[in-house]
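Visitor: got a predicted structure here, sequence first:
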Amino acid sequence: MRRRVIALAGSLLLTGCGAADMTKQASPFANAQGAKTVTLSVQSWVGAQANVAVARYLLEHELGYRVDTVQVDEVPAWDALSQGRVDAILEDWGHPEQEQRYVEDKRTIVNGGDLGVTGHIGWFVPTYFAKAHPDVRDWKNLDKYAGQLRTPESGGKGQLLDGSPSYVTNDKALVANLDLDYQVVFAGSEAAQITQIQQFAKEKKPFLTYWYSPQWLFEKVPMTEVKLPAREDGCDADPAKVDCAYPVTPLQKYLNADFARDGGKAAQLLRNFKWTTEDQNEVSLMIAEQKLSPEEAAEKWADSHASVWRTWLP
């Protein structure tokens, strides 16, 4: 679940989807009295970088704000947002415990509305493998292919490739509870996972991977989802007992409550920010595939989509 920059620098490469507490990185400009500044949390995956790049571009060039960005893992980002260390999270993949704590109980965070993008996490195999072995699309048949999916890292079992341990993932519980002959292997980041997937695809090797949409890689490496057990109410309430598919999640924005109240035009723009999966993927591809800087990608997108973003302006 899914899901990803200091000043959006190029050193933060690609990665829907939080571990070490990195809130100490928070901007010194967050909540600065009288300063026309905004601090945005940016997760490590490229779709999240695309959101922040475009929001930052518009805040700076259309509204005259100074924008600072901070990379914080998913769960610590909620702490930073609650404390006012950052002003907004633009892509959240669903954290019920954090929502209850900060939105409902403490009321230090408010929902900023739909991002306009629907997220989904699942297990995928390359489409070339699914076409050759159609029954692999059902999880009940995965053990049949465990031998073909072994790697040196998976310890004699089939490999289920994950990205970062900080992402929303039920995979270890799913493998255990579905009694599958697989080992979850973490690539470490979205970028590392993409590299491994692309290498498998280049060699036409089979693989099984945790992946998510929206994500630009589907356009480069076609993948087919493996159907997991259908969701039922409460099937993922206990993280240790999860035995069902991941949900389909309308991705949300969240604002610090004080910023939502006093953030003026910046807060209004971020509430209004709502685009499509196609928009996000367009910017993501420019960053990840065309190697544009986030700033360059945002400007290029803004130049050709004025009719979209003008509706967001206060």
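Guide: Nice, thanks for sending it over.

Visitor: CA atoms for contacts and neighbours, from now on please.
Guide: OK.

Visitor: so V221 touches F124, yeah?
Guide: No. Contact criterion Cα atoms under 8 Å: V221 and F124 do not qualify, at 11.0 Å.

Visitor: who's more crowded, the two?
Guide: F124 (23 against 17; other Cα atoms under 10 Å).

Visitor: give me the contact list for stretch 217-229.
Guide: By Cα atoms under 8 Å, 6 or more residues apart in numbering, the surrounding residues in contact with stretch 217-229 are 122-127, 130, 136-139, 194, 198, 201, 243-245.

Visitor: what comes up buried for the longest helix along the chain?
Guide: Secondary structure of the chain per DSSP state H: the longest helix is helix 46-61. Residues of helix 46-61 classed as buried under the neighbour-count rule (16 or more other Cα atoms under 10 Å) are 46-60.

Visitor: give me the phi and psi angles of L269.
Guide: Here is the backbone geometry of L269 (degrees, to the nearest 10): phi -60, psi -40.

Visitor: of the contacts of stretch 217-229, buried ones?
Guide: 122-127, 130, 136-137, 139, 194, 201, 243-245.

Visitor: may I have stretch 256-276 as PDB, with CA atoms only?
Guide: The C-alpha trace of stretch 256-276 is given here as PDB (Å, rounded to 0.1, in the frame of the first residue of the first chain):
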ATOM      1  CA  ASN A 256      -1.800  20.600   9.100                       C
ATOM      2  CA  ALA A 257      -4.900  22.000  10.800                       C
ATOM      3  CA  ASP A 258      -3.300  25.400  11.600                       C
ATOM      4  CA  PHE A 259      -2.100  25.700   8.000                       C
ATOM      5  CA  ALA A 260      -5.500  24.700   6.700                       C
ATOM      6  CA  ARG A 261      -7.100  27.500   8.700                       C
ATOM      7  CA  ASP A 262      -4.400  30.200   8.300                       C
ATOM      8  CA  GLY A 263      -2.500  29.200   5.100                       C
ATOM      9  CA  GLY A 264      -4.400  31.500   2.900                       C
ATOM     10  CA  LYS A 265      -4.100  31.100  -0.900                       C
ATOM     11  CA  ALA A 266      -1.500  28.300  -0.500                       C
ATOM     12  CA  ALA A 267      -3.900  26.100   1.500                       C
ATOM     13  CA  GLN A 268      -6.700  26.900  -1.000                       C
ATOM     14  CA  LEU A 269      -4.600  25.800  -4.000                       C
ATOM     15  CA  LEU A 270      -3.500  22.600  -2.300                       C
ATOM     16  CA  ARG A 271      -7.200  21.800  -1.500                       C
ATOM     17  CA  ASN A 272      -8.100  22.400  -5.100                       C
ATOM     18  CA  PHE A 273      -5.200  20.400  -6.500                       C
ATOM     19  CA  LYS A 274      -6.900  17.500  -8.200                       C
ATOM     20  CA  TRP A 275      -5.600  15.800 -11.300                       C
ATOM     21  CA  THR A 276      -5.900  12.500 -13.200                       C
END
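
Visitor: ok now it, how far from the chain's centre?
Guide: Mean C-alpha position of stretch 256-276 versus that of the full chain (Cα atoms, centre = their mean, to the nearest Å) differs by 20 Å.

Visitor: can you list contacts of it?
Guide: Residues contacting stretch 256-276 (Cα under 8 Å, 6+ apart): 38, 55, 59, 63, 65, 81-84, 86-88, 107-110, 112-117, 253, 255, 308-309, 311-314.

Visitor: in strands only, show me those residues.
Guide: 38, 88, 109-110, 112-117, 253, 255 (DSSP state E).
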